[in-house]
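[1] Okay, predicted coordinates and the sequence, questions at the end:
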2 protein chains.
Amino acid sequence: MCELLGMSANVPTDICFSFTGLVQRGGKTGPHKDGWGIVFYEGKGCRIFHDPKPSVDSHLAELVRTYPIKSNIIISHIRKANRGKVDLMNTHPFVRELWGQYWTFAHNGQLKGIKKEVLKDFFPVGTTDSEHGFCWLLSQLKKKFKERPKNETLLAKEIRKLLSKLGSMGVSNLLVSDSKYLYAYCSTKLVYITRHSPFGEAQLIDADLSIDFRKHTGPKDVVTVLATAPLTQNEAWTSLQPGEFQVWREGNLVKI
Amino acid sequence: MCELLGMSANVPTDICFSFTGLVQRGGKTGPHKDGWGIVFYEGKGCRIFHDPKPSVDSHLAELVRTYPIKSNIIISHIRKANRGKVDLMNTHPFVRELWGQYWTFAHNGQLKGIKKEVLKDFFPVGTTDSEHGFCWLLSQLKKKFKERPKNETLLAKEIRKLLSKLGSMGVSNLLVSDSKYLYAYCSTKLVYITRHSPFGEAQLIDADLSIDFRKHTGPKDVVTVLATAPLTQNEAWTSLQPGEFQVWREGNLVKI
């Protein structure tokens, strides 16, 4: 199994604090030592860092942890390999372009039988069931909509349908983004917290580190963080229900 | 205009020395201050770093310059914007998946009229003519070959034809890779050097730095570096001819 971390914010925000907690689980407080990755969206562009090394020992992870890259949407993943060997090509998040946007995908779980699903236009580079599932998702979206639909509720509903199908193939907790929205699907384990004014202090569970968000935020900031398990010990994280699908934009939940 | 840097090697090799020379041209010894990017292939996987900041001031570029990431194929680009604003999404190299492989593309020049060319299956995220040209290249390859052709000479000849067409649209020096080969096309300016045993010393042009390759190489290593202009002052770089197309694999030129 793996761990996920996601962020949706209405102002460019860094993830240094949360990522510091997550990376401890990549070989120190957790067994997820088979690589890690992170994508930062900045407008339509994105930066992606992948490393097949344990995140807790990774020079690159140290850079990401200490160098504040400000972003509105972030997806990160630390890997405990079960399908597909430890290899750069098998490291999440995966990225593909669809309709002139970069789509990214990080998955925690197994997708039994996914490799029997026929793909079109999107093919895996590596050997994980997760990447196959991502290629299947995009193949289906492209088959359904030749261009990105103007009705974004329609798009979100289609994504919900497809992620639910992935969820029916085994454990499947997912974070997906198209640079505009952060989509989350919970099969078994996913929690979130939305931070807004008045901000307070938070203390990591996995490292001896606390932060006073009042020193780093403005009064109108809204920042939602999603994770496989709570990252802080003194805040109230909300669990998603099995089968729950969420669409986040600028830190807020979008009704669909 | 921009500057290109490429590497093809038969053993995983880092690019720290050459990249140190290149980044000086990103705002110090050269005017290419509108961002930079680099892709490192490791097998079928790749790592990509993009930054819209000048490479000479970039924290990320410093990491790439000092942290030896070993790779068989590397493509890097420093940008002087002429078409498309300074933005992460407009930063080369661009990446797309075709036939289950990551293709990357870096371009120096302008492609007049490229945006009139019809695209299919691959669409630009940003606004540069370069990315449009890349999407056109992949659209054409996918139209011609439903799967990757087993006859790779046939594939290389098709790529040569398509890059030559891009070359006919204006200045177009190009480095392209599919994780197996490094393809180079020269419209006006591209040079290369192949280093092999017996190795010697090299001195950068753009920085006060020299290296003794004997300390970093084995007797069977073959490493080819391509660049817009020579990076070292005491070695003999070979210029490609206008219209010349090269295919590199493991440091050696492949006959097509």
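    It's in.

[2] Next to chain B in this structure, residues from chain A, please.
    Within chain A, the positions adjacent to chain B are A:42-52, A:59-60, A:63, A:67, A:87-91, A:95-97, A:99-102, A:121-126 by Cβ under 8 Å from any Cβ of the partner chain. Backbone N, C-alpha and C define where each C-beta goes, glycine included.

[3] Which single residue in the stretch 151-256 of chain A comes nearest to chain B?
    The stretch 151-256 of chain A approaches chain B most closely through residue A:179 (8.0 Å), counting by Cβ to the nearest Cβ.

[4] re earlier: among the residues of chain A next to chain B, which are in helices?
    Among these, DSSP state H puts A:59, A:60, A:63 in helices.

[5] Can I get the buried part of the residues of chain A next to chain B as one ChimeraX selection?
    In ChimeraX syntax, the buried subset of the residues of chain A next to chain B is picked out as below (16 or more other Cβ atoms under 10 Å in any protein chain shown):
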select /A:42,44,45,46,47,48,49,50,51,52,60,63,87,88,89,90,91,95,96,97,99,100,101,102,121,122,123,124,125,126
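
[6] Residue A:61 and residue A:26: what is the separation?
    7 Å (Cβ to Cβ, to the nearest Å).

[7] and the two? which has more neighbours close in?
    Of the pair residue A:61 and residue A:26, residue A:26 is the one with more neighbours under other Cβ atoms under 10 Å in any protein chain shown, namely 29 against 25.

[8] how far away is the nearest residue to that one once chain neighbours are set aside from residue B:27?
    Counting by Cβ to Cβ, 6 or more residues apart in numbering or on different chains, residue A:55 is the residue found nearest to residue A:26 once chain neighbours are left out, at 3.1 Å. Relative to residue B:27, residue A:55 is positioned 32 Å away (Cβ to Cβ).

[9] Which one of these two is surrounded by more residues?
    More crowded of residue A:55 and residue B:27, by other Cβ under 10 Å: residue A:55, with 32 against 19.

[10] The closest residue to residue A:204 other than its chain neighbours sits in which helix or strand?
    Excluding the flanking residues, the one nearest residue A:204 by Cβ to Cβ, 6+ apart is residue A:21, at 4.3 Å. Assigning secondary structure by DSSP states H and E places residue A:21 in helix A:16-24.

[11] what's in contact with that helix?
    For helix A:16-24, the surrounding residues in contact (Cβ atoms under 8 Å, 6 or more residues apart in numbering or on different chains) are A:3, A:5, A:7, A:30, A:36, A:38, A:55-56, A:58, A:61, A:64-68, A:76, A:78, A:202, A:204-207, A:209, A:211, A:225, A:227, A:231-232.

[12] ChimeraX command to pick out the buried ones of these?
    Buried members of these, defined by 16+ other Cβ under 10 Å, are picked up in ChimeraX with:
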select /A:3,5,7,30,36,38,55,56,58,61,64,65,76,78,202,204,206,207,211,225,227,231,232
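
[13] Keep only those of the contacts of helix A:16-24 that are in helices.
    Using DSSP H, A:61, A:64, A:65, A:66 are the members of the contacts of helix A:16-24 that sit in helices.

[14] which secondary structure elements does the helix or strand bottoming out on mean pLDDT in chain A contact?
    Every helix and strand of chain A was ranked by mean pLDDT, DSSP states H and E. The lowest is helix A:59-66, at a mean of 87. Where contact means 3 or more Cβ pairs under 8 Å, 6 or more residues apart in numbering or on different chains; DSSP states H and E, helix A:59-66 is packed against helix A:16-24, strand A:45-51, helix B:59-66.

[15] So which of those is nearest residue A:140?
    Closest to residue A:140 of these, according to Cβ to Cβ: strand A:45-51, at 22.3 Å.

[16] re earlier: not counting its own residues, what contacts the least confident helix or strand of chain A?
    Contacts of helix A:59-66 (Cβ under 8 Å, 6+ apart): A:15-16, A:19-20, A:23, A:26, A:36, A:38, A:49, A:51, A:53, A:55, B:59-60, B:63, B:67.

[17] Repeat that for stretch A:163-173.
    Applying Cβ under 8 Å, 6+ apart, the contact partners of stretch A:163-173 are A:1, A:4, A:107-114, A:133, A:136-137, A:174, A:176, A:183, A:185-190, A:228, A:243, A:245.
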